[in-house]
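[1] test case, fold it:
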Amino acid sequence: MSAVRTRAQVRLERSLTIVAGALGALLLYAAWRRYVEFDLQEALGFVTGAACVWLGVKQNVWNWPLGIANNAFYVVIFVQARLFSDAGLQIVFATLGAYGWYAWTRFELFRFCRTCEYSRFYAMSVTGPLVRPTACRRGA
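    Model prediction:
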């Protein structure tokens, strides 16, 4: 699979991004106005989580702070529901997110898949720790 995208693919991606953003804004508005049965904090947790996943797929550094914000929303939600072990797990996730953010901005090793072809990237996501990091670089 080629890493080069056509204009139609770029337009489709932009269109889907706009639709997803609009749906997220609509969900936040509905929660704020109490049109839905969950509160604004739950909606913010969902929207930040979805945006974090999208930015992670795009390999954008802003996925890390958005993920930490997502964890903060869910810590409050879980503490209010008296689910303390789940809240603790969100604290662990936020700590790992802070380390990931630090490592992403400081070490080139963690960005080795930016030049991958998609098929190699998917193969690495399946094999994970079994593949050495330099195996994804072109010419390796």
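
[2] tell me which stretches of the chain form helices.
    Counting by DSSP state H, the chain has helices at residues 7-32, 40-57, 63-80, 84-106, 118-127.

[3] of these, flag the one that's most buried.
    helix 63-80 (a mean of 19; mean count of other Cβ atoms under 10 Å). C-beta here means a position set from N, CA and C on the backbone, and glycine is covered the same way.

[4] check contacts around the nearest residue to Phe78 once chain neighbours are set aside.
    Sequence neighbours aside, Ala87 is the residue nearest to Phe78 in space, at 3.9 Å (criterion: Cβ to Cβ, 6 or more residues apart in numbering). Contacts for Ala87 (Cβ atoms under 8 Å, 6 or more residues apart in numbering) come out as Tyr74, Val75, Phe78, Val79.

[5] list phi and psi for Phe38.
    phi -120, psi 160 (degrees, to the nearest 10).

[6] state the distance from the residue nearest to it when sequence neighbours are not counted to Gln90.
    Sequence neighbours aside, Ala31 is the residue nearest to Phe38 in space, at 6.2 Å (criterion: Cβ to Cβ, 6+ apart). Remark: distance between Ala31 and Gln90 (Cβ to Cβ, to the nearest Å) = 20 Å.

[7] again with Val10
    In terms of Cβ to Cβ, Val10 sits 35 Å off from Gln90.

[8] picking up where we left off before, possible to save the contacts of Ala87 as CSV with pLDDT and distance to Ser15?
    Listed next are the contacts of Ala87 as CSV, based on pLDDT from 0 to 100; distance: Cβ to Cβ, whole Å:
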residue, pLDDT, distance to Ser15
Tyr74, 94, 30
Val75, 95, 34
Phe78, 94, 35
Val79, 95, 39
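
[9] could those go into CSV alongside distance to Arg5?
    Supplementary listing: the contacts of Ala87 in CSV, determined by distance: Cβ to Cβ, whole Å:
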residue, distance to Arg5
Tyr74, 34
Val75, 38
Phe78, 39
Val79, 43
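
[10] pick the one among these closest to Tyr99.
    Val75 (17.3 Å; Cβ to Cβ).

[11] what sits against the closest one?
    Ala87, Gln90, Ile91, Ala94.
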